[in-house]
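# Need the 3D shape of this:
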Amino acid sequence: MKLRASHILVQHEFEAKDILRKLQEGKPFEELAKDFSICRSALNGGNLGEFSKGQMVPAFEKALLTLKENEISGIVRTQFGFHIIKRL
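The predicted structure is shown next:
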């Protein structure tokens, strides 16, 4: 099973909450990823490309699999920080 996603990764939960608020106000996901994400994928608007099931950490993958295409998650905590995930 091939999956595609973008994400915004930050170190602190308060940052993730602020980004969710900005998303609700209509700010583009890709723009927020470029501005705030600490992941290298920020250069591509948070786009992680295509990957197989089992390649991402379990909490990330579990949250991703609950999303429909173009749907955005709430805050997902992993050992890397706090993610906001968009399924592509």
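# Please make it C-alpha for all contacts and neighbour counts, starting now.
Noted.
# same for the lengthiest helix in the chain, what does it pack against?
Using DSSP state H to define each element, the chain has its longest helix at helix 13-24. Contact here means 3 or more Cα pairs under 8 Å, 6 or more residues apart in numbering; DSSP states H and E; on that basis helix 13-24 packs against strand 72-78, strand 81-87.
# mind listing what's buried in it?
By neighbour count on 16 or more other Cα atoms under 10 Å, the buried set for helix 13-24 is 16, 19, 20.
# Make CSV from the residues you listed and add distance to residue 81 and pLDDT to it.
Formatted as CSV, the buried residues of helix 13-24 follow (distance: Cα to Cα, whole Å; pLDDT from 0 to 100):
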residue, distance to residue 81, pLDDT
16, 10, 98
19, 14, 98
20, 15, 98
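# neighbouring contacts of the lengthiest strand in the chain?
In the chain, taking DSSP state E as the definition, the longest strand is strand 2-10. Strand 2-10 is contacted from outside by 16, 32-33, 36-39, 41-42, 45-53, 64, 80-88, using Cα atoms under 8 Å, 6 or more residues apart in numbering.
# who's in contact with residue 48?
When contacts are counted by Cα under 8 Å, 6+ apart, residue 48 touches 4, 5, 6, 7, 41.
# now do residue 63
Listed by Cα under 8 Å, 6+ apart, the contact partners of residue 63 are 73, 76, 85.
# which one of these has the most neighbours?
For the contacts of residue 63, counting by other Cα atoms under 10 Å, the largest number of neighbours falls to residue 85: 26 neighbours.
# ChimeraX command to pick out the buried ones of the contacts of strand 2-10?
Only the buried entries of the contacts of strand 2-10 go into this ChimeraX selection, using 16+ other Cα under 10 Å:
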select :16,32,33,36,37,38,39,41,42,45,46,47,48,64,81,82,83,84,85,86,87,88
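# This completes my enquiry, with thanks.
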